[in-house]
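# What shape does this take:
(2 chains)
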Amino acid sequence: MESTAEHLLSENLIACPDCDLLQRLPPLPTGGKVRCNRCRRILAVDKIHTIERTLALTVAALILFAVANLEPLIKLSTHGRETNTTVFGSVLEMWARGYEITAVLVGFCSIIAPAVYIAFMLIINFTALHPPAPWWVGILLHWADRQQTWAMLEVMMLGLLISLIKLSDIATMTPGIGMYAMGALIAILAAMKVSFDSEIVWRRLQWIIDIDPPGKPGRKDAATETDA
Amino acid sequence: MMSSPLTSREAGLVSCATCGLLSRPASPDEAGFCPRCGYKLSRRRHNTIQYTWALIIAAAICYIPANVLPVMTRVTLVYTKEDTIIDGIVALYADGSWPLALIVLIASIIIPMAKLVALAYLLTIVRFRAPGKNLDRARLYRLIDFVGRWSMLDVFVVTLAVALVQLQPFLLAKPGPGVLFFAAVVVLTMLAAKTFDPRLIWDSDIEKEDLHVRKS
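Presented below is the predicted three-dimensional model:
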C-alpha cells in the first residue's frame, strides 16, 4: 500500500515553503534551478555529487576550525607591551567584565554554532553516503538547519577588521595563523552551504513511519495515512 | 502550470516545515506528525502574528537604550571617554575610513530599524488584508530575514576591542551597558523574522478568516 505522502513525493509535488503554492517540480537540467511560480523563491537546485563534495568540504572545515580557534587571531603591540587574542579569549574577557549574557551570545555565534554545524554536517553526510540513513539523522538535519543563521563567522571577521582599524593609530598589529585559518574557514563554510542539498538527504532517510523509534512515543501518530 | 493557483492548504494537504514533505493531515483540526521526519505538522506557524508582534515590540523597547547608552568606554592616562554606537560611527568617519563607517551605520542603525518597520508593515497588511503587490512583500521579507545577522557586527566589534585593548595603564577598553541592549535588539529582531510566517502574505481572505477563528 502506498501512502499519500509517498505518492505525492513520487509525483514531485511540493508546496512552496514561502507561499504554500502547490506545484510539480520539472526535471532539472544539469546545474539548473527552479523558482516558485508565484513568489520566486528557489525551490530546487541541481547539485552534482552533493553528499561527497559536502563531506570533503566538511572535513576541511573541521581542521580549519581547530586551527582558527587554537591559534591567536591577532597580535597587538604598543609601548613595548604585547597582547594577543583568540575568539575564546575575547569571550572570556567579556565574561570577566561582567557582561556574561553578551559573552555567551558571542561565544554561541562564533564558536558553538559553527562547531555544531560542522559536526552535524559531518555525521549527516557520512550516514547519507549509504542510504537509507537512520531516522535520527533527520533530527540532526533539522537542528543544523535551524541554528545555521546563528553561525556568524563572517560577521565576526568584519567586526575584527573594524576594531583593528579603530586601533590602528595606537598600536602595531600582526595577523596570526588563526586569522588566515579563519578566513579559509569562512570560505569553506560558504562552499558547504552551496554544495549541500538537504532534499537529497531527506530522500535518503529512513521514514519515521516505517520504524518504531525508541523513546519517541507519540511519533506513531504519523501512521494516520489511510489512503490507498 | 495550473491555471488557478492552489495552495497545499486549499488542497487539504500539509507541507512539513522541517523536511518539506507533503502529506495528508491526520485530521482537519490536528495535523499530526510528518511521516518522514516525525516533526509536528502545522498548516501555518503557530500564533505567528502574536509572537512576531511581541518580539518586535520588545526589540523596539530595547532599541532606545541600545542607542542612548554607551557601548564602550576608553580609559587612557589622560581621559575617559564613553562611546555610543553613533559615536563609534562618527569616530570611524573622522579617521578617514568612511566605507567602514557606512557599513557600521547600515548594520547597526539602519538594518535593525528597517527590520522593525518592515515586520510591522507586513503584520499590518496581513491583518487588514491590504491589496498590493504580494511579490514585493515576499521579497521584502526574504531581504530582512537574510540581512538580519549582519547587525551583530557591533557586538563583535566591542567584544574584540575589549579583548585586544588591554594595555594598562596606557589604554584600556571596557564594554558599556548599551552593548547588552543592542545584542537584545539583534536577537529579538532575528527571532521575529523567523517567527513570521511569509505564507500569510499570500493567503486569501477566507483562509485568514479561518485562521483568526481557529485561534480564538
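
# longest helix anywhere in the chain?
Picking chain A for this. For chain A, the longest helix by residue count, based on DSSP state H, is helix A:50-70.

# Sorry, I should have been clearer: chain B.
For chain B, the helix that runs over the most residues, judged by DSSP H, is helix B:48-68.

# Need the contact partners of it.
Contacts to helix B:48-68, defined as Cβ atoms under 8 Å, 6 or more residues apart in numbering or on different chains, come from residues B:84-86, B:109, B:112-113, B:116, B:119-120, B:123, B:126-127, B:177-178, B:181-182, B:184-185, B:188-189, B:191-192, B:195-197, B:200. C-betas here are computed from N, CA, C, even on glycine.

# before we move on, back to that, please identify the pairing partners of the next helix or strand after the longest helix of chain A and their relative orientation?
Proceeding N to C from helix A:50-70, the next assigned helix or strand is strand A:74-78, under DSSP states H and E. Strand A:74-78 has its sheet partners listed here by DSSP bridges as strand A:81-85 (antiparallel), strand A:172-175 (antiparallel).

# residues making contact with strand A:74-78?
Contact with strand A:74-78 is made by A:82-85, A:160, A:164, A:167, A:170-176, A:178-179, B:164-165, B:167, B:170-171, as judged by Cβ under 8 Å, 6+ apart.

# on that earlier part again, give the buried residues for the longest helix of chain B.
Neighbour counts using 16 or more other Cβ atoms under 10 Å in any protein chain shown place B:48-49, B:51-53, B:55-56, B:58-60, B:62-63, B:66-67 of helix B:48-68 among the buried residues.

# could you redo the residues you listed as a markdown table and give each row pLDDT?
Shown next, in a markdown table, are these (pLDDT from 0 to 100):
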| residue | pLDDT |
| --- | --- |
| B:48 | 88 |
| B:49 | 90 |
| B:51 | 93 |
| B:52 | 94 |
| B:53 | 95 |
| B:55 | 96 |
| B:56 | 95 |
| B:58 | 97 |
| B:59 | 96 |
| B:60 | 95 |
| B:62 | 95 |
| B:63 | 94 |
| B:66 | 94 |
| B:67 | 93 |
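
# quick one, what contacts the residue of chain B found nearest chain A?
Among the residues of chain B, residue B:156 lies nearest to chain A; the distance is 2.9 Å by Cβ to the nearest Cβ. Residues near residue B:156 by Cβ under 8 Å, 6+ apart: A:106, A:110, A:152, A:155-156, A:158-160, A:163.

# can you give me the angle the host helix or strand of it makes with helix B:48-68?
According to DSSP H and E, residue B:156 maps onto helix B:153-164. Angle between the axes of helix B:153-164 and helix B:48-68 is 50 degrees (criterion: axes from the mean of the first three to the mean of the last three Cα atoms, to 10 degrees).

# Let me see the mean pLDDT of helix B:153-164.
Helix B:153-164 carries an average pLDDT of 89.

# next one: stretch A:93-110
91.

# Grab the CA positions of it and hand them over as CSV.
The C-alpha atoms that make up stretch A:93-110 are tabulated as CSV, following Å, rounded to 0.1, in the frame of the first residue of the first chain:
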residue,chain,number,x,y,z
GLU,A,93,37.4,38.7,28.6
MET,A,94,33.8,39.9,28.1
TRP,A,95,32.6,37.4,30.7
ALA,A,96,35.2,38.7,33.2
ARG,A,97,34.0,42.3,32.7
GLY,A,98,30.5,41.3,34.0
TYR,A,99,28.9,41.0,30.5
GLU,A,100,28.0,37.3,30.8
ILE,A,101,25.0,37.4,28.5
THR,A,102,26.9,39.2,25.7
ALA,A,103,29.8,36.8,26.2
VAL,A,104,27.6,33.8,25.9
LEU,A,105,25.9,35.2,22.8
VAL,A,106,29.3,36.0,21.1
GLY,A,107,30.6,32.5,22.1
PHE,A,108,27.5,30.9,20.7
CYS,A,109,27.6,32.8,17.4
SER,A,110,31.3,32.5,16.8
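
# what's the neighbour count on the closest residue to residue B:26 other than its chain neighbours?
In this structure, residue B:26 finds its nearest non-sequential neighbour in residue B:32, 3.0 Å apart by Cβ to Cβ, 6 or more residues apart in numbering or on different chains. By other Cβ atoms under 10 Å in any protein chain shown, the residues close to residue B:32 number 20.

# now residue A:103
Residues lying near residue A:103 (other Cβ under 10 Å) number 20.

# Now it: phi and psi?
Main-chain dihedrals, residue A:103, degrees, to the nearest 10: phi -60, psi -40.

# how close does residue B:15 get to residue B:7?
Distance, residue B:15 to residue B:7, using Cβ to Cβ, to the nearest Å: 9 Å.

# Just the buried residues of stretch B:114-127, please?
For stretch B:114-127, the neighbour count (16+ other Cβ under 10 Å) marks B:114-116, B:118-120, B:122-123, B:125-126 as buried.

# Nearest to residue A:68 among the residues you listed?
Comparing these against residue A:68 with Cβ to Cβ places residue B:115 closest, at 29.8 Å.

# OK, contacts around that closest one?
Applying Cβ under 8 Å, 6+ apart to residue B:115 gives the contacts B:144, B:148, B:151, B:189, B:192-193.

# Show me the residues you listed that map onto helices.
Using DSSP H, the subset of the contacts of residue B:115 located in helices is B:144, B:189, B:192-193.

# most surrounded residue in these?
Neighbour counts for the ones in helices among the contacts of residue B:115 (other Cβ under 10 Å) peak at residue B:189, which has 28 neighbours.

# Could you check how far it is from residue A:29?
Distance of residue B:189 to residue A:29, given as Cβ to Cβ: 39 Å.

# Looks like residue B:137 contacts residue B:123 (just checking).
No. Counting by Cβ atoms under 8 Å, residue B:137 does not reach residue B:123; the two are 11.2 Å apart.

# Any of the contacts of strand A:74-78 buried? List them.
Listed as buried from these are A:83-85, A:160, A:164, A:167, A:171, A:173, A:176, A:178-179, B:164-165, B:167, B:171; burial here means 16+ other Cβ under 10 Å.

# Any idea which residue of chain A lies closest to chain B?
Residue of chain A nearest chain B, by Cβ to the nearest Cβ: residue A:159 (2.9 Å).

# ok, and the closest non-adjacent residue to that residue?
Distances taken as Cβ to Cβ, 6+ apart place residue B:156 nearest to residue A:159, at 2.9 Å, with adjacent residues excluded.
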